[in-house]
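Colleague: Build the 3D model from these lines:
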Amino acid sequence: MLPGSGPKTGSVMDADRSERLRNIKVIDLSQQVVTQLAQAQQQLLFSEVFNTVQQPNLLIGAGDILEVSIWEVPPALFSGVFIDQRSGAGATQKITFPEQMVTQDGTINIPFAGHIPVTGKTTRQIESVITGRLNGKANQPQVLVRTVRNNTANVTVVGEVASSTRMPLTSRTERLLDALAAAGGVRQPVSKMTLQLTRGKTVQAMPLDHIIRDPLQNVVLQSDDVVTLMHQPLSFTAFGATGKNEEVNFEAQGISLAQALARVGGIQDNRADAKGVFVFRFGQKAEEGLTAGMPGASSLYKQPVIYSVNLRDPASFFLAQNFMMQNKDILYVSNAPSSDLQKFLNMVVSVVYPIVNISNAVQ
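Modeller: As a prediction, this is how the structure comes out:
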């Protein structure tokens, strides 16, 4: 009948023995458990998933704008004269054709060369095709093809950025942070941002500050990549005999159990059971063999799990430093058994003391 903030330590530890709570696993935190959880929760790095070292040659597509220039030795097929001052008396003739957009059928038109197929080719390949078409017509032609505007090889940047944009790719091999800079940066603190890169059917996310700190994760972008900046406030909720009971936000890179306890003011010395510190985690992947006294197994399952920590054991503080909190975790600290006695005595005093005062007053 005494008031309380939640179940006692014994009730939580026996949860997996209860018929009503038989689907809940109670796991004592140990070095083996922490190690296996760290392996199970380890995220793949961008450098492992998107391991392209260099950007491939940008290929021309329909909608791109090209400029074609042709040099000839006199007498020239094309009109227009360009004098190279460094060549002294020698001279070449040059003509630059108006900019052309690659048509839907993937061609551009060059006089005396006809329709040139350019889709799926690099500028050097297009130069070779045009040169081949002009051999025998122009006098020792030299061709230069330049991409004026790239409308097909782009990266899309969306999410919590200053301005969503489509960034054209160039031969300088743009990277993730280049795309972020092109979008004007993020609108939220870097420590609270997650960057997600979508390439084809592959989707991978990492905390933004990890990408900034590790140059290997600033991977080279590919055409049609989608870069999404997400502000996802992660949080855990603290209940029981902690310094404060509230929902606490934490950074995208995550925090440890030790940090979580510090952010809620630790445990209350006058009422907390240091043996009864628990983390409730629902729907989290857990190692099937991670039960008290059992070796870890390789198979995984999803079910509610309660991780138990005994803070009376000095070694548990090292475990708490390596046990990472997850989004929507519940941190609960149970009351010590002696707190019930203190509550009972307070109730007795609160009832008896007024009676004694009245009796004394009457006498």
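Colleague: buried residues in stretch 109-123?
Modeller: 110, 113, 116, 118, 119, 121, 122, 123 (16 or more other CB atoms under 10 Å). Glycine gets a C-beta too; all of them are placed from N, C-alpha and C.
Colleague: and that stretch, how far out from the chain's middle?
Modeller: Mean C-alpha position of stretch 109-123 versus that of the full chain (CA atoms, centre = their mean, to the nearest Å) differs by 42 Å.
Colleague: which residues sit against that stretch?
Modeller: By CB atoms under 8 Å, 6 or more residues apart in numbering, the residues outside stretch 109-123 that reach it are 57-62, 66, 68, 77-78, 97, 100, 102, 106-108, 126, 129-130, 133-134, 137-138, 145-147.
Colleague: In helices only, show me those.
Modeller: With helices defined by DSSP state H, the entries of the contacts of stretch 109-123 inside them are 126, 129, 130, 133, 134.
Colleague: Between these, identify the one with the most neighbours.
Modeller: Most neighbours among these, by other CB atoms under 10 Å: residue 130, with 24 neighbours.
Colleague: now the helices: where do they sit in this structure?
Modeller: For the chain, applying DSSP H gives helices covering 9-13, 31-41, 46-49, 123-134, 176-182, 208-213, 257-263, 315-322, 337-362.
Colleague: what helices or strands is the second one leaning on?
Modeller: To tie it back to what came earlier, the one meant is helix 31-41. Packing contacts for helix 31-41, counted by 3 or more CB pairs under 8 Å, 6 or more residues apart in numbering; DSSP states H and E, involve strand 285-287, helix 315-322.
Colleague: out of these, deepest packed?
Modeller: strand 285-287 (a mean of 20; mean count of other CB atoms under 10 Å).
Colleague: what mean pLDDT does that strand have?
Modeller: Across strand 285-287, pLDDT averages out at 46.
Colleague: swap in stretch 63-71?
Modeller: 91.
Colleague: list the contacts for residue 146?
Modeller: 66, 67, 68, 69, 123 are the contacts of residue 146 under CB under 8 Å, 6+ apart.
Colleague: Verify the contact between the third one and residue 142 for me.
Modeller: Yep, that's residue 68 we're talking about. No. Counting by CB atoms under 8 Å, residue 68 sits too far from residue 142 to count as a contact (11.6 Å).
Colleague: Same drill for those two, tell me which one is more crowded.
Modeller: residue 68 (23 against 15).
Colleague: Could you find the closest non-adjacent residue to that one?
Modeller: Leaving aside its chain neighbours, residue 68 sits nearest to residue 97 (4.9 Å; criterion: CB to CB, 6 or more residues apart in numbering).
Colleague: So the one you found is in contact with residue 130, correct?
Modeller: No. Using CB under 8 Å as the test, residue 97 is too far from residue 130 to be in contact (10.3 Å).
Colleague: Name the residues contacting each of those two.
Modeller: Common neighbours of residue 97 and residue 130 (CB under 8 Å, 6+ apart) are 68, 70, 110.
Colleague: which one of those sits closest to residue 249?
Modeller: For the shared contacts of residue 97 and residue 130, the minimum distance to residue 249 (CB to CB) is 56.7 Å, reached by residue 68.
Colleague: that older thread, which of the helices and strands packed on helix 31-41 has the lowest average pLDDT?
Modeller: strand 285-287 (a mean of 46).
Colleague: mind putting the helices and strands packed on helix 31-41 in JSON lines, distance to residue 39 included?
Modeller: Formatted as JSON lines, the helices and strands packed on helix 31-41 follow (distance: least, CB to CB, whole Å):
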{"stretch": "strand 285-287", "distance to residue 39": "9"}
{"stretch": "helix 315-322", "distance to residue 39": "12"}
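Colleague: Go through those and name the closest to residue 256.
Modeller: Closest to residue 256 of those, according to CB to CB: helix 315-322, at 5.3 Å.
Colleague: And residue 135, what's its pLDDT?
Modeller: Residue 135 carries a pLDDT score of 90 in this model.
Colleague: That one reaches residue 143, doesn't it?
Modeller: No. Look at residue 135 against residue 143 with CB under 8 Å: they stay out of range, at 10.8 Å.
Colleague: For the residue nearest the centre of the chain, list each beta-bridge partner.
Modeller: What sits nearest the mean C-alpha location of the chain, by CA atoms, centre = their mean, is residue 206, with 2.4 Å. Beta-bridge pairing for residue 206 (DSSP bridges): residue 195.
Colleague: Pretty sure it sits against residue 47.
Modeller: No. Counting by CB under 8 Å, residue 206 stays clear of residue 47, with 10.0 Å between them.
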